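Trainee: when you get a sec, could you give me coordinates for this:
(6 chains)
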There are 6 protein chains.
Amino acid sequence: MSEPWLPSLRTATPQEGYDLAVKLSRMAVKMTQPDADMRSQLRAVYEQDASALIAVSAVVATHFQTVARANNYWLD
Amino acid sequence: MSEPWLPSLRTATPQEGYDLAVKLSRMAVKMTQPDADMRSQLRAVYEQDASALIAVSAVVATHFQTVARANNYWLD
Amino acid sequence: MSEPWLPSLRTATPQEGYDLAVKLSRMAVKMTQPDADMRSQLRAVYEQDASALIAVSAVVATHFQTVARANNYWLD
Amino acid sequence: MSEPWLPSLRTATPQEGYDLAVKLSRMAVKMTQPDADMRSQLRAVYEQDASALIAVSAVVATHFQTVARANNYWLD
Amino acid sequence: MSEPWLPSLRTATPQEGYDLAVKLSRMAVKMTQPDADMRSQLRAVYEQDASALIAVSAVVATHFQTVARANNYWLD
Amino acid sequence: MSEPWLPSLRTATPQEGYDLAVKLSRMAVKMTQPDADMRSQLRAVYEQDASALIAVSAVVATHFQTVARANNYWLD
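Mentor: Just a heads-up that it's a prediction; the model follows:
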């Protein structure tokens, strides 16, 4: 996990900020379960599980809050 | 997911801000499960599951917090 | 959902703010499950489910945070 | 629910603020399940359920965040 | 619960702030389930339940956010 | 738990801040379940449980919010 993947929280648009929030939500899963094959198997399961998808959405919401603040809500 | 869907976090009214929060909560599900038919099947299930509906409401609440701040709580 | 239901986040008192938070938590459920009969059935179930009631309370807490800030914590 | 129960978010001490957060977490349950006997039955169950107790603690944490801010963290 | 246990949210270091967040997360459980023997039994169960441990960690995270702000992130 | 592990919330980069958030999320588990062998067993289980991995990611998201603010979003 030494290669750089998060140089900044600044994004040009809200939509890019949302994409970054999705990335941030996935990275903790990757760091906790580093095995790509296992993650792939788990993904096949939770993609068909409504509760898991909603839980993913909750994590994205928290990260989007952080990213939005870092960008002053893209108001500037 | 390249077409623009989030040009701004600003809305004219609190109610439009709430609608945007709902949209933000759904988009993470869409990005995690891009298959529309599968989402449709899952929706048929969780629409009848109280816990899932409450969990959706929790995600909306977090996004509404973000949108409300971006709009200075529509006080201006 | 076109009739206005959220003209403002301002309330006269903390208690009215809490009531608004409850309303905000219910509206996302209503927008996700628009069928009133189905919601009524689900309500009969989750009213007797401690975990669901606590989950509802969690959503109210997040919305109350938003409403409280919008009102500067009713300090003025 | 018309009698006043939340005149203010201000408390004299952090500990009283915590007590208020507990009260705020319980009130949403009371408003969703107004039947005192039913709440009493549910309480007997979730008092012995570790997950439910932790979930209650999570709601208190969110409300304590709100109350702490309303009191400027009792720094004044 | 009348003896004082929370005189202040200020701590000398971030680590002491984290310890306080752990204490805050446990106190709501104690107030909801005042019976020490019952809590001891529940603890024996959830200490071996990964989901419960993660849920505890989530509550600590919310309280740590509050404590960190109260201390201006220990930047002074 | 007396050795220092959290001298500061400041980090040089967002990515180091994210790593700190992961560390903060794990420490509460460690303090609640101090037995390293037991944690190792639990980890073997939840690493293969999508819901648990998403829950871990949620805790990281909350801590990252705290760390990001402590660093003024690394904008300086």
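
Trainee: C-alpha from now on. contacts and neighbour counts both.
Mentor: OK.

Trainee: what stretches of chain A score poorly on pLDDT?
Mentor: Residue ranges of chain A with pLDDT under 70: A:1-2.

Trainee: quick one: the helices in it?
Mentor: Listed in chain order, the helices of chain A (DSSP state H) span A:14-32, A:36-46, A:50-70.

Trainee: chain A against chain B: which residues are in contact?
Mentor: Residues of chain A found near chain B (Cα under 8 Å from any Cα of the partner chain) are A:13-15, A:22, A:47-51, A:53-58, A:60-62, A:65, A:68, A:72-75.

Trainee: try 6 Å
Mentor: Listed as neighbours of chain B in chain A under the rule Cα under 6 Å from any Cα of the partner chain: A:Q15, A:E47, A:A50, A:L53, A:S57, A:A58, A:A61, A:Q65, A:Y73.

Trainee: still on that earlier bit, I'd like the helices of chain A as a markdown table, with mean neighbour count appended.
Mentor: A markdown table is the format used below for the helices of chain A (neighbours: other Cα atoms under 10 Å in any protein chain shown):
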| stretch | mean neighbour count |
| --- | --- |
| helix A:14-32 | 20 |
| helix A:36-46 | 14 |
| helix A:50-70 | 25 |
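
Trainee: for the ones you listed, which one sits closest to C:M27?
Mentor: Checking the helices of chain A against C:M27 by Cα to Cα gives helix A:50-70 as the closest, at 17.1 Å.

Trainee: quick one: is that closest one near chain F?
Mentor: Yes: counting by Cα under 6 Å from any Cα, chain F has neighbours in helix A:50-70: A:V59, A:H63, A:T66, A:A70.

Trainee: and the residues you listed as a markdown table, adding distance to C:L6?
Mentor: Below are these laid out as a markdown table (distance: Cα to Cα, whole Å):
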| residue | distance to C:L6 |
| --- | --- |
| A:V59 | 26 |
| A:H63 | 26 |
| A:T66 | 26 |
| A:A70 | 28 |
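
Trainee: so how many other residues sit close to A:P34?
Mentor: 14 (other Cα atoms under 10 Å in any protein chain shown).

Trainee: measure it to chain F for me?
Mentor: 9 Å (Cα to the nearest Cα, to the nearest Å).

Trainee: circling back: now the residues of chain A next to chain B as TSV including distance to B:P7?
Mentor: Below are those laid out as TSV (distance: Cα to Cα, whole Å):
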residue	distance to B:P7
A:Q15	7
A:E47	27
A:A50	28
A:L53	24
A:S57	20
A:A58	21
A:A61	17
A:Q65	16
A:Y73	11
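
Trainee: and the gap between the closest residue to A:Y18 other than its chain neighbours and B:F64?
Mentor: Nearest non-adjacent residue to A:Y18, counting by Cα to Cα, 6 or more residues apart in numbering or on different chains: A:F64, 5.9 Å away. Distance of A:F64 to B:F64, computed by Cα to Cα, to the nearest Å: 11 Å.

Trainee: got it, and A:R26?
Mentor: From A:R26 over to B:F64 (counting by Cα to Cα), the distance is 22 Å.

Trainee: again, but for A:V56
Mentor: 17 Å.

Trainee: phi and psi next, for A:T11.
Mentor: With angles defined as degrees, to the nearest 10, A:T11 sits at phi -130, psi 160.

Trainee: tally of neighbours for it?
Mentor: 17.

Trainee: OK, contacts around it?
Mentor: Counting by Cα atoms under 6 Å, 6 or more residues apart in numbering or on different chains, A:T11 touches A:G17.

Trainee: how about A:Q65?
Mentor: B:T66.

Trainee: hmm, try it at 8 Å
Mentor: Contacts for A:Q65 were tallied using Cα atoms under 8 Å, 6 or more residues apart in numbering or on different chains; they are B:T62, B:H63, B:T66.

Trainee: pipe the residues you listed into CSV and attach distance to C:P4 per row.
Mentor: Formatted as CSV, the contacts of A:Q65 follow (distance: Cα to Cα, whole Å):
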residue, distance to C:P4
B:T62, 22
B:H63, 20
B:T66, 21
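
Trainee: of those, which is the nearest to chain E?
Mentor: Comparing the contacts of A:Q65 against chain E with Cα to the nearest Cα places B:T62 closest, at 13.6 Å.

Trainee: from chain C, how far out is the residue in chain A that chain D sits nearest to?
Mentor: For chain A and chain D, the shortest gap (Cα to the nearest Cα) falls at A:T62, measuring 13.6 Å. A:T62 sits 12 Å away from chain C, taking Cα to the nearest Cα as the criterion.

Trainee: out of everything not next to it in sequence, what's closest to that residue?
Mentor: Nearest one to A:T62, counting by Cα to Cα, 6+ apart, is F:A61 at 6.1 Å.

Trainee: please name the residues that touch the one you found.
Mentor: Contacts of F:A61 by Cα under 8 Å, 6+ apart are A:L24, A:S25, A:V59, A:T62, A:H63, F:A21.

Trainee: just send those back as TSV, with distance to A:P4 too.
Mentor: TSV is the format used below for the contacts of F:A61 (distance: Cα to Cα, whole Å):
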residue	distance to A:P4
A:L24	13
A:S25	16
A:V59	22
A:T62	22
A:H63	19
F:A21	16
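
Trainee: wait, which of those residues is closest to chain B?
Mentor: Checking these one by one against chain B (Cα to the nearest Cα), the nearest turns out to be A:T62, at 6.8 Å.

Trainee: export the helices of chain A as a markdown table, with columns for distance to B:E3.
Mentor: Output for the helices of chain A, formatted as a markdown table (distance: least, Cα to Cα, whole Å):
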| stretch | distance to B:E3 |
| --- | --- |
| helix A:14-32 | 10 |
| helix A:36-46 | 25 |
| helix A:50-70 | 19 |
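
Trainee: nearest to D:P4, out of those?
Mentor: Here helix A:50-70 is closest among the helices of chain A (Cα to Cα), at 33.2 Å.

Trainee: using CSV, list the CA coordinates for that closest one.
Mentor: Taking C-alpha atoms only, helix A:50-70 is exported to CSV below (Å, rounded to 0.1, in the frame of the first residue of the first chain):
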residue,chain,number,x,y,z
ALA,A,50,-29.5,-4.9,-0.7
SER,A,51,-28.4,-4.3,2.9
ALA,A,52,-24.7,-4.4,1.9
LEU,A,53,-25.3,-2.0,-1.0
ILE,A,54,-27.0,0.4,1.4
ALA,A,55,-24.2,0.0,3.9
VAL,A,56,-21.7,0.9,1.1
SER,A,57,-23.8,3.9,0.3
ALA,A,58,-23.6,5.0,4.0
VAL,A,59,-19.8,4.9,3.9
VAL,A,60,-19.7,6.9,0.7
ALA,A,61,-22.0,9.5,2.4
THR,A,62,-19.6,10.0,5.3
HIS,A,63,-16.6,10.3,3.0
PHE,A,64,-18.5,12.7,0.6
GLN,A,65,-19.1,14.9,3.6
THR,A,66,-15.4,15.1,4.2
VAL,A,67,-14.5,15.7,0.6
ALA,A,68,-17.2,18.3,0.2
ARG,A,69,-15.8,20.3,3.2
ALA,A,70,-12.3,20.0,1.9
